[in-house]
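Asks: I need the structure of the sequence given here:
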Amino acid sequence: MSLLGVAVFVCAGFAESQQGESLPAVNLVWKKAFDAGSSAVAAGRHQEAWQRFEEAEAAIGHLPPDDPRRIVNQIGFALVHQTRGEHASAEAIYQRALPALSSPAFRDSALLPLALENLGALRMEQSRHRDAEELTRRAAALFQKLFGDTDTATAKARLQLAQISASLGRFDDALSLAQRAVPVLRSAFPANRPELLRGYEVLGEAYVCLGRYSEAEPWLKEAHDQARTLPQPHPALAEAASNLGMLYVRMDDTARAIPLLRLALQVEEQVYGVGEPRSAPFHAALATGYGRDRKFGLAEQHARRAVELASTTLQEDSVDLARLRSDLGVVLYVRGDYKEAERLFRAVLPVMEANFSSGHPDLFSSNFNLAEACAQMGKRQEAEEHYRKAIEMLEADPNRVLVDRAYAVTRYADFLKMTHSPEAKRWQERAKALRSGR
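Replies: Residues are numbered from 1 along each chain as shown. As a prediction, the model looks like this:
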């Protein structure tokens, strides 16, 4: 997300070319403090990062506000805000910086694409995926123009585009982008560099989304194993353990999944503190693991905690918050609380409809889940409507993999049989064919 190393290099060269030889000592003090702050951000040490950026600012505070070192230092502060979940403060800094960075004086500087990429990452955290994609595409194009197709800055921007593509349901695009980015990062960075590990995870997750679990596992396992070699606790280990754990959940291997998901939450809380909103996805992942292991009490506990934490920072129409509510709804449905599950599913569906086109996995699951809850609540006409929408999406995409197609069609057929629909027999035959692998 940061690319601060690139910014330091470019800013230092730009400033010296403008100021001559009069500020070498200032540059040295600033760069030392700024590099320390950048490293602290990457390791999740927010307070230390803030202090180092303040030291860097003190060294250059006498320079004009549009000096590149002043601007990149402000981006450092923005990153601290961003990793703390303080989105409004981070966005305010980026928006102040963008007009200056778009001026001719910064035409050949990496600062503009840096700010665009970081703002794109912020938009991802706000579930504004299409805005994030536009910003990140601009950043990737500028990095490519400045440094070439095989530079690490270009590769990192492509990796962020891969994450966005996956969020939008374009899994083939996500895989292609990650496959282009990872070899560049692998040739440039040490084996346990967090940026490289993130590349492995994005590539592995793309394979997961396409149902290619055997191809995903080596990448996710390498990220996890290398993350363990970093000074602990490190946020890279939390991410890697969570991603590998969720792969094992999908492979129905809860014996390996749950210890990894517990480790991920533990490390995340060690780094950022207990009760931090950013731990919400880790609670949600652990809830999913417990649910698959049929430990529904623990699953509900963590699913509720995920929603509670995320609600403190995400807007009501956030896709990420809607996904967490959907996860909670699934747990409650399994536990027999159909009324509360229906309420949650009903709140989730409009968010997904507003953000995704027909066929997106979240739109399928939102319709299917609401159909299931309505059926249990005796709302047959509404259940039929949402079942039909979900199954139409499923049948229109024969390559959909993150859905148990046979199960979904079987549930629809069972519902039609219960309601004495003349369509029941046809869908029972379809379900039978799917179960037999035809």
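
Asks: all helices of the stretch 101-250 of the chain, in order?
Replies: 111-125, 129-147, 152-167, 171-188, 194-209, 213-227, 235-250 (DSSP state H, counting those that start in this stretch).

Asks: adding distance to residue 59 and mean pLDDT, write the ones you listed out as a markdown table.
Replies: C-beta: built from backbone N, CA, C; applies to glycine. Below are those laid out as a markdown table (distance: least, Cβ to Cβ, whole Å; pLDDT from 0 to 100):
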| stretch | distance to residue 59 | mean pLDDT |
| --- | --- | --- |
| helix 111-125 | 18 | 89 |
| helix 129-147 | 26 | 94 |
| helix 152-167 | 25 | 95 |
| helix 171-188 | 29 | 96 |
| helix 194-209 | 27 | 96 |
| helix 213-227 | 33 | 98 |
| helix 235-250 | 28 | 97 |
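
Asks: excluding its backbone neighbours, what's nearest residue 301?
Replies: The shortest distance from residue 301 to any non-neighbouring residue, by Cβ to Cβ, 6 or more residues apart in numbering, is to residue 287 (7.7 Å).

Asks: who does whichever strand or helix holds the one you found touch, helix- and strand-wise?
Replies: Here residue 287, judged by DSSP states H and E, is contained in helix 280-292. Here helix 280-292 touches helix 235-250, helix 254-272, helix 296-310, helix 319-334, going by 3 or more Cβ pairs under 8 Å, 6 or more residues apart in numbering; DSSP states H and E.

Asks: hmm, the residue nearest to residue 301 is touching residue 326, no?
Replies: No: using Cβ atoms under 8 Å, residue 287 is not in contact with residue 326; the gap is 11.6 Å.

Asks: quick one: which of these two has more around it?
Replies: Neighbour count, other Cβ atoms under 10 Å: between residue 287 and residue 326, residue 287 has more, with 28 against 25.

Asks: so what's the more buried one scoring on pLDDT?
Replies: Looking at residue 287, its pLDDT stands at 97.

Asks: residues touching it, list them.
Replies: 298-303, 306, 327-328, 331 (Cβ atoms under 8 Å, 6 or more residues apart in numbering).

Asks: closest to residue 51 out of these?
Replies: Checking the contacts of residue 287 against residue 51 by Cβ to Cβ gives residue 306 as the nearest, at 31.2 Å.

Asks: what's the neighbour count on the closest one?
Replies: The burial count for residue 306: 27, using other Cβ under 10 Å.

Asks: what's the answer for residue 186, then?
Replies: 14.

Asks: what distance do you get for it to residue 52?
Replies: Between residue 186 and residue 52 the distance is 29 Å, computed by Cβ to Cβ, to the nearest Å.

Asks: and residue 312, how many neighbours?
Replies: Neighbours of residue 312 (other Cβ under 10 Å): 11.

Asks: pretty sure it is touching residue 277, no?
Replies: Yes: here residue 312 reaches residue 277: they are 5.2 Å apart, a contact under Cβ under 8 Å.

Asks: so who does residue 360 touch?
Replies: With Cβ under 8 Å, 6+ apart as the criterion, the residues that contact residue 360 are 168-169, 352.

Asks: columns neighbour count and distance to residue 422 on top of the residues you listed, output as CSV?
Replies: Formatted as CSV, the contacts of residue 360 follow (neighbours: other Cβ atoms under 10 Å; distance: Cβ to Cβ, whole Å):
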residue, neighbour count, distance to residue 422
168, 19, 38
169, 21, 34
352, 20, 31
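
Asks: just those residues now: which is nearest residue 90?
Replies: residue 168 (22.7 Å).

Asks: nearest residue to residue 270 in space, please, no chain neighbours.
Replies: residue 233 (3.9 Å).

Asks: residues contacting residue 347?
Replies: 322, 325.

Asks: go with 7 Å
Replies: Applying Cβ atoms under 7 Å, 6 or more residues apart in numbering, we find residue 347 in contact with residue 325.

Asks: can you check residue 435 too?
Replies: The contact partners of residue 435, taken as Cβ under 7 Å, 6+ apart, are residue 406.

Asks: how near is it to residue 410?
Replies: Distance from residue 435 to residue 410, by Cβ to Cβ: 7 Å.

Asks: what do you get for residue 333?
Replies: Residue 333 is 17 Å from residue 410, by Cβ to Cβ.

Asks: any idea which of the contacts of residue 360 is closest to residue 98?
Replies: residue 168 (24.1 Å).

Asks: my guess is that closest one contacts residue 128. True?
Replies: No: Residue 168 lies out of contact with residue 128 (Cβ atoms under 7 Å); the separation is 11.5 Å.

Asks: quick one: residue 304 from residue 267, how far?
Replies: Counting by Cβ to Cβ, the gap between residue 304 and residue 267 amounts to 22 Å.

Asks: right, I mislabeled it, should have said residue 46
Replies: To residue 267, residue 46 is 16 Å away according to Cβ to Cβ.

Asks: share the number of residues neighbouring residue 191, please.
Replies: Using other Cβ under 10 Å, residue 191 has 11 neighbouring residues.

Asks: okay, how far is it across stretch 60-70, tip to tip?
Replies: One end of stretch 60-70 to the other measures 7 Å (Cα to Cα, to the nearest Å).

Asks: mind listing what's buried along it?
Replies: 60, 63, 67-70 (16 or more other Cβ atoms under 10 Å).
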